[in-house]
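*Asks:* any chance you could fold what I've pasted below:
(2 chains)
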Number of protein chains: 2
Amino acid sequence: MSSKNKLGLAVAQMGPVHLSDSRAAVVARLVEMMREAKSRGARLVVFPELALTTFFPRYWMSEEEAQARFFEPTMPNAQVQPLFDEARRLGIGFYLGYAELSPEGRPYNTSILVDQQANIVGRYRKVHLPGHSEHKPDAPFQHLEKKFFDVGDKPWGVWDAMGARIGMALCNDRRWPETWRVMSLQSAEVVVLGYNTPSQNIHWDEPVHLRMHHHLITLQASAYQNCVWAAAAAKCGREDGFHMIGGSVIVAPTGEIAAQASTEEDEVLCVNADLDLAAAFRKNVFDFARHRRPEHYGLIVERVGPGEPLPQAQ
Amino acid sequence: MSSKNKLGLAVAQMGPVHLSDSRAAVVARLVEMMREAKSRGARLVVFPELALTTFFPRYWMSEEEAQARFFEPTMPNAQVQPLFDEARRLGIGFYLGYAELSPEGRPYNTSILVDQQANIVGRYRKVHLPGHSEHKPDAPFQHLEKKFFDVGDKPWGVWDAMGARIGMALCNDRRWPETWRVMSLQSAEVVVLGYNTPSQNIHWDEPVHLRMHHHLITLQASAYQNCVWAAAAAKCGREDGFHMIGGSVIVAPTGEIAAQASTEEDEVLCVNADLDLAAAFRKNVFDFARHRRPEHYGLIVERVGPGEPLPQAQ
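*Replies:* Next up, the predicted model:
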């Protein structure tokens, strides 16, 4: 598992975290999965988005209440310290999503990348916030990410850690091709992300089976199109009765699923990911420098929403 | 089939066109499939890329020889006129790919959109040219698009025709997420494209089964991510012994395959495509104006090839 161009890559899917679950109980579950990941050869383990608490954007409450109950003003902190301690002891890196109250007092949906010495080496604040900010009293539950979080203040970054070049995203980001492209243009070899995806889309009557389908096809196509390994960790199952999809996966740069969760519980996936495969696709299929044509991509940054057709000479 | 928000959408896959096949014989095949498409309710039929000839970029020759044998200096011309005549008679629109020698004498890999009165209403010149320009004497065949064609002089356009807003792409374009996004940002409802995809990638030892896999996952993810119907027409099978994949498909904005070819021969697919489904995804899932964040997408147009990580404060 220590080959120079391979990365022991684990995903730690989580079953539900209920409102009554303490941070200590959650961290104990993360520590247990971290140990399993290490025992199976992982150098990096990916935990979900908002891993320390229930998916609280489903509940209507004030920003002040949400921040008091569900946000972390410091990281690490006393409750999460055991996870950092165990990472250092085992020599394993990790990705963790949590609700961050920044030093400036701003609320973000954040992930961190922590190296094998338990140093925080990267931080990403979610850019694509789904849902809404107003109360929808007739909906079966809320999706209040636009109320509780600020839009991330920087693009997606990539970091050299655990012997690989690793990019971070969060949940809804994975549905937007721009997310992946910005990391691939920074030479990412691996993209890691966590997600909480309700199995019901409250915004319209979307067939439930499509939720898993969209999750998988976007990960598969994006890994292929961007020549990266993709590792995605769900928090899933019924949190206090509100169901979210599982389907945690590790996808190869071939666009093929290398490992997929088979439960909606705590479950560890592990793959010995060949980073040379990502390089082979970069060289032989998607040699960006030879083939990309940014002079024709302008609309992607010039427009936010859809507009009229470009003028055409005929 | 004439519901206001539905489009009878057909794909006419083609089996091989050999070097010895005449334009007249090819056009007769296209006319026959056009009739079938019309009889099955289509208002638009999509033909392949370089539909009038064999996929000649596999053969080493001079530009002059290629242009003399395989390019069309005018469109329509006497050999292709029967297709335009039949379209007007039937009242059906079509998309056709061919090698264009422009009025300025430039060579392009081109597609046209022709309306139900047989008027050419749109023209697209391929932007993403795969392959190489130099002779590879050790390869089993060549892929000389970079030798025989200029890069298209404009981005992907969309046109209002056949009661829908239709965008055009060609072959390799479908693998690049920028292609789809530029059309979706012009409010495309349907994206049509033709392709010739050799089942062997001559640039490296890529497993053959991945060629179909990549074709399908990129079409499915792109249709979903961009809220469009996607219709893709192959020219396939063994042209003078050189095999190309089939797998022509019509993909819904759900990312699901609505129809797929089951042969590597001439074969017509037809779907009564609900354009309201595309609108539902635009409104309820990918409301670009609410969710996109172009301020973080800059690298997509600022970089051609991959580079170093963006600086990160820590």
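
*Asks:* centroid-nearest residue for chain A?
*Replies:* Centroid check for chain A by C-alpha atoms, centre = their mean gives residue A:193 as the closest residue, at 1.9 Å.

*Asks:* list the contacts of the spatially closest residue to that residue that is not a sequence neighbour.
*Replies:* Take residue A:193 and drop its neighbours on the chain: the residue closest to it by C-beta to C-beta, 6 or more residues apart in numbering or on different chains is residue A:169, 4.3 Å away. Bear in mind the C-beta positions are built from the backbone N, C-alpha and C, glycine included. Contact partners of residue A:169, counting by C-beta atoms under 8 Å, 6 or more residues apart in numbering or on different chains, are A:111, A:124, A:156, A:179-180, A:183, A:191-193.

*Asks:* and the helix or strand containing residue A:169, which strands flank it?
*Replies:* Counting by DSSP states H and E, the element that carries residue A:169 is strand A:164-170. Paired neighbours of strand A:164-170 in the sheet (DSSP bridges): strand A:158-161 (antiparallel), strand A:190-195 (parallel).

*Asks:* chain A: helices as residue ranges?
*Replies:* All helices of chain A, identified by DSSP state H, fall at A:23-39, A:63-70, A:81-90, A:145-148, A:177-184, A:209-226, A:275-284, A:288-291, A:299-302.

*Asks:* contacting residues around the second one?
*Replies:* Outside of helix A:63-70, the residues that reach it under the criterion C-beta under 8 Å, 6+ apart are A:50, A:53, A:56, A:61, A:99, A:101, A:107, A:147-148.

*Asks:* in PyMOL, select just the buried ones from these.
*Replies:* Written as a PyMOL command, the selection of buried residues from the contacts of helix A:63-70, which uses 16 or more other C-beta atoms under 10 Å in any protein chain shown, is:
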select buried, chain A and resi 50+53+56+61+99+101+107+147+148
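
*Asks:* ok, now which ones touch residue A:236?
*Replies:* Neighbours of residue A:236 in contact, by C-beta under 8 Å, 6+ apart: A:13-16, A:196-197, A:244-248, A:264.

*Asks:* please redo it, this time with the cut-off set to 6 Å
*Replies:* Residue A:236 is in contact with A:244-246, A:264, counting by C-beta atoms under 6 Å, 6 or more residues apart in numbering or on different chains.

*Asks:* in chain A, where is pLDDT below threshold?
*Replies:* Applying pLDDT under 70 to chain A picks out residues A:1-4, A:313-314.

*Asks:* same thing but 90
*Replies:* Scanning chain A for pLDDT under 90 picks out A:1-4, A:203, A:312-314.

*Asks:* from the stretch 51-200 of chain A, which residue is nearest to chain B?
*Replies:* Closest residue of the stretch 51-200 of chain A to chain B, C-beta to the nearest C-beta: residue A:177 (3.6 Å).

*Asks:* that residue: how many residues sit nearby?
*Replies:* 25 (other C-beta atoms under 10 Å in any protein chain shown).

*Asks:* nearest residue to it other than its sequence neighbours?
*Replies:* In space, residue A:177 is closest to residue B:177, 3.6 Å off (C-beta to C-beta, 6+ apart).

*Asks:* do residue A:120 as well
*Replies:* residue A:112 is the one closest to residue A:120 (C-beta to C-beta, 6+ apart), at 5.1 Å.

*Asks:* which outside residues touch stretch A:42-61?
*Replies:* By C-beta under 6 Å, 6+ apart, stretch A:42-61 touches A:7-12, A:14, A:17, A:19, A:23, A:26, A:34, A:37, A:70, A:93-98, A:135, A:141-145, A:148, A:162, A:170-171, A:192, A:194-196, A:231, A:233, A:235, A:239, A:242, A:270.

*Asks:* of the residues you listed, buried ones?
*Replies:* A:7-12, A:14, A:17, A:23, A:26, A:34, A:37, A:70, A:93-98, A:141-145, A:148, A:162, A:170-171, A:192, A:194-196, A:231, A:233, A:235, A:239, A:242, A:270.
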